[in-house]
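Novice: Whatever this is, show me its structure:
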Amino acid sequence: MPMALIAQMGLNENGLVNELGCGNCHSGVQTSQIIKNRAPDLNYSGLKYNEAYLFNYLESPQTVRNHIGKSRMPNFKLSTDEAYALTLYLMTKKTLPKGRELTTRQYNNKEDAFALIDTEYQCTTCHSLNGAGINKSIDLTIAGSRLQADWLFDIILKPSVYVQRASPMPTFFNEDQASTNTVSKMVGYLMEKGKTKLYELEKNYTAVKKSNPKITPDMGRDIFLSQNCMACHVIEDEASWFETHNGPDLSAQKMRTQPAWLKQYLKETQAIRPNGYFPGTGSRMPNYNLSETEVKTLTDWLGTATLKTKLKPISTFQSRKVKRLLNDFLSCLGCHELNGIGGQIGPNLSNVGNRISDGFIKMAIQAPHMVMPESIMPKMAMDPKLMTSIQSFFAYQTSTEKSNYLNLIKNRPYPIGNQYTANCAPCHGPKGEGNGFNAAYLEIKPGNLADDKLMEQRSDAALFNTIYGGGRIMNKSHFMPAWGQKISREEIVNHVARIRDFCDCSPPDWSKD
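Specialist: Purely as a prediction, here's the structure:
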């Protein structure tokens, strides 16, 4: 069944899906407003959070707020250098709500203000502190290690500026001397309670900073945008890299993946496309640490389908023949990994038999843009009998091998602005220099399209034919796929023109007649 028709079926509304915000990254699902209201405003994260705490949280998110239902901050499995870069970026954000300005104050940390917090103002009606109270919101015991003192002072003094109108947090104070003295005592006490934990966090963070001297806030900005964080959080001076989504259409999921694999995937997500759903953007499917009940809710919601297509196993001889074709003739391993060999653009093919339904495997090879309209995978022309063997070969690849996401510091992510960045940049690089993120996984280095001495020897016709028919027909790498059945001739001509821009050179004189 065509994917476009499947997508029209849609998915029914689901409370858990809405609270998790699945539709804010995936297409085929309604966008969630709940998650946007619950996710913290990051415009002033550099004034709100202690830097060492923020790094620790990004590297390993923990539950902090118990008043936001099933919504949560998922784990993007950031490496130490990635989390550090993102921390540096978020610490540059220092725009408070209109009319607010923080004042640096001295806080008396010697006075015991527990009774003030617990009894007089009854904060422990919603918050826990030192084991007392009801933790319906945030544990105040960690406030001193988590938050900067001056911002903590301001939210206690004027909570309505920072929290939603529906929040039960009351405003107790005026901005007079008596109020500021009282709040100062509260903040001093909370900062003292968090002092030991903050010292531990800062000790670790100091070591991280020392070992990553070349990390910059701009690297962190790229990571922030690559993970589509703005789908949930607010930062007013940034524009999203993604117009609508950065994940697959979930309305067709029941036709695509096998139920057992999907259940395990939701329990512990793993890299499918190592450098982004749109290759090069670096987007990831984070781990939500779902409970068994939540996994069942989501798998039931996504649904299952009884599929008639069943690919038959092939003989050992046929299997060896397919392997030879993949290694020496076809372009598949230019983008996909198989048994440790191949590119890191598309999904790992070593475990595709465990992951994908037979019907989807068949159609993904036969008509990739019918079932994967957003994929850069080109259609390959091949003998029908050969195609059947290749389809069956992949259906029986059942390795437990898992892929890892590519590091976003070593492989700086970038937005997809045109067909070149979508299709060609993964290998040839955003500027055509042959240094795309996938180049490191290819035996033959992709051509440097910015090399004027090399490119001025190539006629426009040769460049056109290489793009149209693939590398093998031009005695180049067979891992360079043929794009002739994916993009139009006009688009290929535009690619040739882009190559001329990269190299700032003209074709040889003999080819101009």
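Novice: The stretch 101-250 of the chain: strands as residue ranges?
Specialist: 128-129, 132-133 (DSSP state E, counting those that start in this stretch).
Novice: Direction included, what does the first one pair against?
Specialist: Spelled out, that is strand 128-129. Each strand that pairs with strand 128-129, with its direction, by DSSP bridges: strand 132-133 (antiparallel).
Novice: which of the strands of the stretch 101-250 of the chain sits most buried?
Specialist: Comparing the strands of the stretch 101-250 of the chain by mean neighbour count (mean count of other Cβ atoms under 10 Å), strand 128-129 ranks first with a mean of 20. Just so you know, the C-beta spots here come from the backbone N, C-alpha and C atoms, and that holds for glycine as well.
Novice: For it, what is the distance to the chain centroid?
Specialist: On the basis of Cα atoms, centre = their mean, to the nearest Å, strand 128-129 is displaced by 34 Å from the centre of the chain it belongs to.
Novice: ditto for stretch 475-484
Specialist: With Cα atoms, centre = their mean as the basis, stretch 475-484 stands 29 Å off its chain's centre.
Novice: Give me the buried positions along that stretch.
Specialist: The neighbour-count criterion (16 or more other Cβ atoms under 10 Å) identifies 477-484 as the buried residues of stretch 475-484.
Novice: now stretch 250-263
Specialist: 250-258, 262.
Novice: Please flag which of those sit within strands.
Specialist: In strands, judged by DSSP state E, none of these are found.
Novice: how many neighbours does the closest residue to residue 510 other than its chain neighbours have?
Specialist: Closest residue to residue 510 apart from its sequence neighbours, by Cβ to Cβ, 6 or more residues apart in numbering: residue 459 at 7.9 Å. Residue 459 is flanked by 15 other residues according to other Cβ atoms under 10 Å.
Novice: And for residue 409?
Specialist: Count around residue 409 with other Cβ under 10 Å applied: 20.
Novice: quick one: it and residue 88 touch, right?
Specialist: No - the criterion here is Cβ atoms under 8 Å, and residue 409 misses it with residue 88 at 11.6 Å.
Novice: pretty sure the residue nearest to residue 510 contacts residue 509?
Specialist: No - assessed by Cβ under 8 Å, residue 459 is found out of contact with residue 509, at 10.2 Å.
Novice: residues in contact with residue 304?
Specialist: 254, 259 (Cβ atoms under 8 Å, 6 or more residues apart in numbering).
Novice: where does it fall, helix, sheet strand or coil?
Specialist: Under DSSP: H, G, I helix; E, B strand; the rest coil, the three-state class of residue 304 is coil.
Novice: before we move on, what about the one 5 residues further on?
Specialist: The three-state label for residue 309, taken from three-state DSSP, comes out as coil.
Novice: Going forward, the N-terminal residue is numbered 331.
Specialist: Sounds good: first residue 331 from here, last item residue 639.
Novice: So it sits against residue 694, correct?
Specialist: No - checked against Cβ under 8 Å, the pair residue 639 and residue 694 is beyond contact range at 11.9 Å.
Novice: Domain-wise, how is this structure divided?
Specialist: Residue ranges for each domain of the chain read 371-563, 581-746, 750-841, as given by automatic domain parsing.
Novice: picking that back up, of residue 639 and residue 694, who's got more company?
Specialist: Using other Cβ under 10 Å as the criterion, residue 639 and residue 694 rank with residue 694 on top: 22 against 13.
Novice: so which helix or strand takes in the more buried one?
Specialist: helix 688-696 (DSSP states H and E).
Novice: That helix packs against which elements?
Specialist: helix 583-586, helix 698-701, helix 714-725 (3 or more Cβ pairs under 8 Å, 6 or more residues apart in numbering; DSSP states H and E).
Novice: ok, 10 Å please
Specialist: Packing contacts for helix 688-696, counted by 3 or more Cβ pairs under 10 Å, 6 or more residues apart in numbering; DSSP states H and E, involve helix 583-586, helix 682-685, helix 698-701, helix 714-725.
Novice: how far off helix 714-725 does it point, in degrees?
Specialist: Relative orientation of helix 688-696 versus helix 714-725 (axes from the mean of the first three to the mean of the last three Cα atoms, to 10 degrees): 130 degrees.
Novice: quick one: average pLDDT of helix 688-696?
Specialist: Here helix 688-696 scores 96 as its mean pLDDT.
Novice: next one: stretch 505-519
Specialist: pLDDT averaged over stretch 505-519 gives 95.
Novice: ok, back up a step: now the helices and strands packed on helix 688-696 as a markdown table including distance to residue 771?
Specialist: Supplementary listing: the helices and strands packed on helix 688-696 in a markdown table, determined by distance: least, Cβ to Cβ, whole Å:
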| stretch | distance to residue 771 |
| --- | --- |
| helix 583-586 | 25 |
| helix 682-685 | 18 |
| helix 698-701 | 21 |
| helix 714-725 | 19 |
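Novice: Tell me which residues touch residue 814, please.
Specialist: The neighbours of residue 814, taking Cβ atoms under 10 Å, 6 or more residues apart in numbering as the test, are 708-709, 711, 794-795, 797-800, 822.
Novice: State the number of residues packed around residue 677.
Specialist: Residue 677: 18 neighbours (other Cβ under 10 Å).
Novice: Which strand or helix spans it?
Specialist: Residue 677 is part of no helix or strand when elements are defined by DSSP H and E.
Novice: What separation is there between it and residue 684?
Specialist: Using Cβ to Cβ, to the nearest Å, residue 677 is found at 12 Å from residue 684.
Novice: Verify the contact between residue 714 and residue 692 for me.
Specialist: No - using Cβ atoms under 10 Å, residue 714 makes no contact with residue 692, being 11.8 Å away.
Novice: Between the two, which has more neighbouring residues?
Specialist: Taking other Cβ under 10 Å, residue 714 and residue 692 do not tie; residue 692 has more neighbours (21 against 7).
Novice: Might you list the low-confidence residue ranges for the chain?
Specialist: For the chain, the stretches with pLDDT under 70 are 331-340, 495-496.
Novice: let's see 50
Specialist: 331-338 (pLDDT under 50).
Novice: starting at the chain centroid, how far to stretch 662-669?
Specialist: 22 Å.
Novice: With stretch 761-779 instead?
Specialist: Worked out by Cα atoms, centre = their mean, stretch 761-779 lies 23 Å from the chain centre.
Novice: One more: stretch 808-820?
Specialist: 28 Å.
Novice: Would you mind putting the CA coordinates of it into CSV?
Specialist: What follows is stretch 808-820, C-alpha atoms only, in CSV (Å, rounded to 0.1, in the frame of the first residue of the first chain):
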residue,chain,number,x,y,z
HIS,A,808,30.8,2.3,-7.3
PHE,A,809,29.7,3.7,-3.9
MET,A,810,28.8,6.9,-5.7
PRO,A,811,25.1,6.2,-6.6
ALA,A,812,23.2,7.0,-9.7
TRP,A,813,20.9,9.9,-9.2
GLY,A,814,19.2,9.9,-12.6
GLN,A,815,16.0,8.2,-11.4
LYS,A,816,15.7,10.4,-8.3
ILE,A,817,16.3,13.9,-9.5
SER,A,818,15.5,15.6,-12.9
ARG,A,819,17.9,16.5,-15.6
GLU,A,820,17.4,20.1,-14.8
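Novice: State the distance from residue 568 to residue 780.
Specialist: For residue 568, the distance to residue 780 - Cβ to Cβ - is 29 Å.
Novice: who has more neighbours, the two?
Specialist: residue 780 (20 against 16).
Novice: Contact partners for that one?
Specialist: 758-759, 761-765, 829, 831-835.
Novice: Many thanks, I have nothing further to ask.
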